[in-house]
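Visitor: Turn this into a model:
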Amino acid sequence: LRRQRQMCIRDRLGVALYIWNTFPASNATPPDLTLGVWWPEPEGTKYWFHPAEGAGLTFAGSRLYTTSNNVIIGFDSLPATEDAQPDFAVGGPDPYTNTLETNYIIQNPVPASDGTSLLVSSDSQKLYVWKKLPDESGAKPDIVYSLPFAPWDSALFGNKLVLAGKDSVYIWNQLPLNGEFPDECFKGSIGNVTFQDLKGVELDDKYFYVSDR
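Guide: Residues are numbered from 1 along each chain as shown. Below is the predicted model:
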């Protein structure tokens, strides 16, 4: 990058790439170019910045490499416009496919079962549902929910399923074996109790419990 007299920095959340044409002289020096798609992504936009937190970037030859969606993505040359898209991916079919999702690799799974079905929540904002208990490796789920929050814990009592994480609680009164929406959604609070970072949830025939970090 020094040969290009430019400097690139990716922000820690992985949703923006900043480029300075000359080395910044102070904290107040704005970047000359900002790339990346911010939540919520515009309709029709291909979202390619979705890397693990802390991942880096490097410049080799004439190409810029960084990571996204569990693959290495490359630009054939240093991006020059804010809508620049990657030219290729290493380790996946393209820069836009999350291979963790297409291969059903579950991050931080929390399982729950009624003895017949299996429901696994993940803090990657997913709920995986097997209608029948899987009995072999690589068994694909029947349903995958994409959630607007990251559940950290789940609880199952009878047919009632509860997911909790961050500041949200979702409740299904019947097991969601056919893609049903939750019956109750709470965000931020229940009654006069506010939530910030929910880490645990439990329930029985009389009580409902949550723990907040």
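Visitor: Residue ranges in the protein under the pLDDT threshold?
Guide: Counting by pLDDT under 70, the chain has low-confidence residues at 1-15, 37-55.
Visitor: Using the three-state scheme, assign L100.
Guide: Here L100 is recorded as helix under DSSP: H, G, I helix; E, B strand; the rest coil.
Visitor: Which residue is the nearest non-sequential neighbour of it?
Guide: N70 (5.0 Å; Cβ to Cβ, 6 or more residues apart in numbering). The C-beta positions use only the backbone N, C-alpha and C, and glycine is treated the same way.
Visitor: Do I have it right that that neighbour meets G92?
Guide: Yes: contact criterion Cβ atoms under 8 Å: N70 and G92 qualify, at 6.9 Å.
Visitor: what about Y104, how many neighbours?
Guide: Around Y104 there are 13 other residues, counting by other Cβ atoms under 10 Å.
Visitor: So for it, what's the nearest residue that isn't a sequence neighbour?
Guide: Leaving aside its sequence neighbours, Y104 sits nearest to K140 (Cβ to Cβ, 6+ apart; 5.8 Å).
Visitor: repeat for Y209
Guide: Excluding the flanking residues, the one nearest Y209 by Cβ to Cβ, 6+ apart is E202, at 4.6 Å.
Visitor: and what of A164?
Guide: Distance criterion Cβ to Cβ, 6+ apart; nearest residue to A164, sequence neighbours excluded, is V201 at 3.8 Å.
Visitor: Report the contact partners of that neighbour.
Guide: D153, S154, A155, V162, L163, A164, V169, Y209, V210, S211 (Cβ atoms under 8 Å, 6 or more residues apart in numbering).
Visitor: can we see that at 6 Å?
Guide: D153, A155, V162, A164, V210 (Cβ atoms under 6 Å, 6 or more residues apart in numbering).
Visitor: ok so, going back, so what's in contact with N70 and G92 at the same time?
Guide: Common neighbours of N70 and G92, using Cβ under 6 Å, 6+ apart, are T99.
Visitor: got a list of contacts for stretch 68-84?
Guide: Residues outside stretch 68-84 that contact it (Cβ under 6 Å, 6+ apart): 35, 48-51, 62-66, 86-92, 95, 98-100.
Visitor: which residue sits closest to the residue nearest to the spatial centre of the chain, ignoring its sequence neighbours?
Guide: The centroid of the chain falls nearest to S124 when counting by Cα atoms, centre = their mean (4.5 Å). Distance criterion Cβ to Cβ, 6+ apart; nearest residue to S124, sequence neighbours excluded, is Q107 at 4.3 Å.
Visitor: correct me, but that neighbour touches K126?
Guide: No: between Q107 and K126 there is no contact under Cβ atoms under 6 Å: 8.0 Å.
Visitor: more crowded one of these two?
Guide: K126 (21 against 11).
Visitor: I appreciate the help and will end here.
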